Each structure stands twice: as structure tokens, then as C-alpha cells.
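Enquirer: okay, sequence plus prediction incoming.
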Amino acid sequence: CATRPCVGSGCGWRGRALSQFVGALDQGTSSTRFMIFDKAGHVVSMKQMEHQQYFPAAGQVEHCPQEIWRNSQAVIRDGLSAAGLTSADIAALGITNQRETTIAWNKHTGEPYHNALVWNDTRTADICDSLAAEKGGDRDRFRASTGLPLSPYFSASKMMYLLDKVPGLREAGERGDALFGTMDSFLIWKLTGGGSHATDVTNASRTLLMNLETMQWDDDILAATRVPRAMLPAIRPSSGTIDSVSVAAETALDGVPISGVLGDQQAALFGQACFEPGQVKSTYGTGCFLLMNTGTRSVPSNSGLLTTVAYQMGGGAAPVYALEGSVAYSGSTIQWLRDNLQVVDSAGECEAMAATVADNGGVYFVPAFAGLYAPYWRSDARGIIAGLTAYNTKYHVVRAALEATAFQAYEVVEAMDSDCVAQGLCDSSDRSFVKSVKVDGGASQNSLLMQFQSDLLEVPLHRPSVHETTALGAAFAAGLGVGFWPNEAAVGALWKEDKQWSPAMGPEQRAEYLKGWKKAIQKSLNWTD
């Protein structure tokens, strides 16, 4: 593999031909982990640390960037030590991260100006409303260029908020003294000792500032949002060397090339080897995120989905696009039951509790704590538990909370099918363009939930043997970027199935479930003015 020419600038592979492992830094919403994989895609080492969640007010969620950086340093050092490895053993480093979460930091000191505004922070709803009002209430004013609607979910409104609220930030940005970035950009900056301010196409596509056709920052949108271009990172392919880890980073990865960067959901798609159009993955984590590979064609959505970049290989390769449906509350719904209602003691006991009842007892749980994302995009929705009678117990509520994830994922796949028919990707006589779904994330270990999901979708689900597909996807991208693996086919061959679920529910029962869910959704709307 050392004979394959490097993809991207600055090879980093030469002199590392004996390196037998690839590292992945997986910076998520609740924790940061470092994983090491061998050439067969097996996990060699993993270290993980949680970070504090800050909730300054209702709808506001923040992280401390410096805490996340310290955790990143620690898990990298500990992961190497646990495996008995050094930087010389690591061929490349991949980074995957919580997307949209936005940070502003000082170019000279690396100090953040404010806590990071997390992707599910909704404080910028008024900013989005104002941008829409400028065009007669059009929340899709940037969709033709970006594939995205106006929403607090994306980074642009978070940048606008920080520029307006943090004293001196706009002036510092216009002088070139302050920088913006999503979490990947901040970590690259820190890892390279301030040597590189960069992001990849997948993370850039989630800012509401990147043009999907040019793969560059859109001048018209920058003007409309008043975000200084000088503050934004360079946009790079997802695979290919960006820079190398600096000694100053104090991670023990000195000199290792950073050659793969993907937003977390695109990384899971990559780790699931969904390299062909029509392949779908569903990740069940804090939220639930479904992506469908649409190939080199950017497919617009008329069904409430997002058009986004799946990945781009280096060497001038064309970008690969995806349709995405994002569900804000999945695993976090169970956390809410545990922490706020104290109905359960741990997330792990939910499956056993739900299995004690035959069905949901007519109870439906719509976890619209911060509104509804795809396919509705309704910020006025709020969470409800509907259909309660004196017959119901906490076990029905727990089951309804689990089923909520499957219902929301069903609606996303339903929208994918609709868009694919509308865009001529499949014949309308075909019942479903989606023929199967690859699943991952913590809740993919819940067999009750996965069976219910398969029943609703009426397609089989496939769980891989390596469950940490997000980190694996970053490792694959990094390894491909330096020739550790020769091509996508080689890494695709490493995918192995661990478990499969097939649909077993009758059509009448399925229809009754979906009827109840649709009714509950309608009850959750119009709760805020």
C-alpha cells in the first residue's frame, strides 16, 4: 500500500509505510472517543470521556470547547498507551464530529470567545424568522443553493447570534483576528498548533453557507447573513491529507497526517460502506439520522428532507450527495425519562421494561422538546404523551418512548421514497425505493426497537459487526487518504453483518399504529405562537 500515491496535499504516508493502524477521533454530542483500527477494520483500542452539557435557558444548549479539547488530548494519549502504540504505528488520523455545533475562537491564542452553540440549540429561531421575513416568509430562500431550509439547527444563525452578542467579535473577525468553525475545524486548529483552519465538504454543507454546486462559501448568503468570509475555514475534500499533528498539540500523535474528516452522520454512512446510490443507513444515538446515498446527483427534496454532501474523495473526485432526515430526540428521549421523570434507572433497562407489555396500550409519545425536525420542520411543536387511560402504566410510556424513534424514522424513509419517485430515481409502481437499511448507534442494540422499526418500514435491517461505524468511517476516509486502503471497494469488503431483523407485523396492525402516530403528531403542533 505504500506504493499508492497519496491523495491530497502533503502525503504523510512516506516514511510511515510500516504503520499498521489508523486512528479516529470521534467528537460527539455527549462524549469524545479515540479509536484505533487495524487494516481489517477491527477495533484495537478505544478510550472515551464525557463532557459537561450546559443549559443556560430553555432551548439553549452549550459545550465548553476547551473541555472538549482537553478530553481529546486525554483519550488520544490513553488510547495509544492502552494499545502499547506510538505515533510511528499510526498511518493516519481521521476526525468525525457533531455537526453544526459552532465555535468562535481567537486566531492568536486559540481561546474561544463563547461556549460552543450546540446543533440542537434553538435560541436563534428569531434570527431565522427575520431572514425568512426578508423574503416574504420564505424559509427556503437558501435551499436552492444549500439544500437546507432556514433553521436554528444549522450553523449560520448561530454565527450571526455570536457576532451580534459577543462584544468585539465582529470587529475581530473583520480584522482577521477571530475564526469561526464547526467542531472539526476547532480540533484541526488545535491538533495542528494553529497551522490549519480547515473543514471538509460534509461539515461545510451543514452551515447553510456552502453552495452545493461550487463546494465553496456562497457570496450571496454571506452578504445576507453578514458573516465575514475571513472568519471561515478552507473547504477540503473528506479524504486527503490536510496537515499533520503538531508536537504542540501534546497528543503523542506527532507528525501523523490528518487525512480524513467527515461530519458524524456522513462518517456513519461511510463506515457502513454505503457507497452506491440508494443505500441507506440509520444511526440511533442522541438523535436519529437517516442518510441515503444519491450518487453524484444532488437531489432536491419536496418532502421535508435535506440535500447534503455525503462525502468527497480527494484527487479531484466529484462529490457524492445524500438525502437526509434528522430526528432531534431519540436516545435523548430515554435520557429524559431517566433524568427528568425518573421513570427508569438506566437506558439499558428500557427494552426489558417495554417487553413486559404486549404493545403500547394506545399510548403515543411525540418527543418534540425542541420542535420537530424532518420531515415537518415545525419549531412550534412541543412534546406530548397522548392516548393515556387509567389502564396504562409506566411500562406503556417507556414502550411508547422507544417506538417514537421508529415512527420518526419511518416518516423519513417515507419521504425518501416520495422524493425518489418525484426525481425519477425509481418507478412509482415500485412500492419502495428503499429495500433495506443498515443500522448503527447505541439503540441498534435494542432488539425490540429494531424489530418494530423493521415492521414499520417493511424492509430488513442490517447491523454491522463493528458497531462504532462513525469512528470507523473517519478511519476509512483517513486510511484511503494516504493509501492505507487502496479504494472504496477494499473497505466495503470489510463490512460484516452481525444481526438482521425482518418485518413480521401484519398490515392491519401496522396501519393502526401509523394512524395513531399521525394523530399524535397533529396534537403536538401549534403549541407556541
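Expert: Right, received. Where do you want to start?

Enquirer: dump the least confident helix or strand in the chain by mean pLDDT to PDB, keeping only the CA atoms.
Expert: When the helices and strands of the chain are compared on mean pLDDT, DSSP states H and E, helix 331-336 comes out lowest with a mean of 87. Extracted in PDB, the C-alpha atoms of helix 331-336 (Å, rounded to 0.1, in the frame of the first residue of the first chain):
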ATOM      1  CA  GLY A 331     -31.700   8.300  22.800                       C
ATOM      2  CA  SER A 332     -32.100  11.600  24.500                       C
ATOM      3  CA  THR A 333     -35.800  10.800  25.000                       C
ATOM      4  CA  ILE A 334     -34.800   7.900  27.100                       C
ATOM      5  CA  GLN A 335     -32.300  10.100  29.000                       C
ATOM      6  CA  TRP A 336     -35.200  12.500  29.700                       C
END
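
Enquirer: in which helix or strand would I find residue 409?
Expert: helix 394-422 (DSSP states H and E).

Enquirer: counting contacts, what elements does that helix pack onto?
Expert: strand 280-284, strand 288-295, strand 320-327, helix 331-336, helix 350-355, strand 364-366, helix 447-457, helix 507-524 (3 or more CB pairs under 8 Å, 6 or more residues apart in numbering; DSSP states H and E). (Glycine included, C-beta is placed from N, CA and C.)

Enquirer: how far away is residue 169 from residue 38?
Expert: Separation of residue 169 from residue 38 (CB to CB, to the nearest Å): 44 Å.

Enquirer: which among the helices and strands packed on helix 394-422 is found nearest to residue 71?
Expert: Taking CB to CB, helix 331-336 is the member of the helices and strands packed on helix 394-422 nearest to residue 71, at 19.6 Å.

Enquirer: residues in contact with the closest one?
Expert: Applying CB atoms under 8 Å, 6 or more residues apart in numbering, the external contacts of helix 331-336 come out as 284-287, 329, 344, 347, 350, 365, 367, 369, 401-402, 404-405, 441-443.

Enquirer: quick one: low-confidence parts of this protein?
Expert: By pLDDT under 70, the low-scoring segments of the chain are 1-18, 425-432, 529.

Enquirer: for residue 479, find the nearest of the helices and strands packed on helix 394-422.
Expert: Nearest of the helices and strands packed on helix 394-422 to residue 479, taken as CB to CB: strand 320-327 at 17.7 Å.

Enquirer: what helices and strands are in contact with that closest one?
Expert: In terms of contacts (3+ CB pairs under 8 Å, 6+ apart), strand 320-327 is packed against helix 264-271, strand 288-295, strand 306-311, helix 394-422.

Enquirer: and if we set it to 7 Å?
Expert: Strand 320-327 sits against strand 288-295, strand 306-311, helix 394-422, with contacts defined as 3 or more CB pairs under 7 Å, 6 or more residues apart in numbering; DSSP states H and E.

Enquirer: for the least confident helix or strand of the chain, what is the distance to the chain centroid?
Expert: Between the centre of helix 331-336 and the centre of its chain there are 17 Å (CA atoms, centre = their mean, to the nearest Å).

Enquirer: run a quick neighbour tally on residue 351.
Expert: Look at residue 351: counted by other CB atoms under 10 Å, it has 17 neighbours.

Enquirer: give me the three-state assignment for residue 207.
Expert: coil (DSSP: H, G, I helix; E, B strand; the rest coil).

Enquirer: contact partners for it?
Expert: 154, 155, 156 (CB atoms under 7 Å, 6 or more residues apart in numbering).

Enquirer: with residue 205 instead?
Expert: For residue 205, the contact set (CB under 7 Å, 6+ apart) comprises 212, 308, 309.

Enquirer: that older thread, out of the contacts of residue 207, which is most surrounded?
Expert: Neighbour counts for the contacts of residue 207 (other CB under 10 Å) peak at residue 156, which has 29 neighbours.

Enquirer: residue contacts, the closest residue to that one other than its chain neighbours?
Expert: Spatial nearest neighbour of residue 156, excluding adjacent residues (CB to CB, 6 or more residues apart in numbering): residue 208 at 3.9 Å. Neighbouring residues of residue 208 by CB under 7 Å, 6+ apart: 142, 146, 148, 154, 155, 156.

Enquirer: doesn't residue 154 make contact with the third one?
Expert: Yes: under the criterion of CB atoms under 7 Å, residue 148 is in contact with residue 154, at a separation of 5.8 Å.

Enquirer: sorry, back to before: now, the contacts of residue 208 that are in helices?
Expert: Of the contacts of residue 208, the ones assigned to helices by DSSP state H are 146, 155, 156.

Enquirer: closest to residue 337 among these?
Expert: So of those, ranked by how close each gets to residue 337 (CB to CB), first place is residue 155, at 30.0 Å.

Enquirer: fine by me, we can end here.
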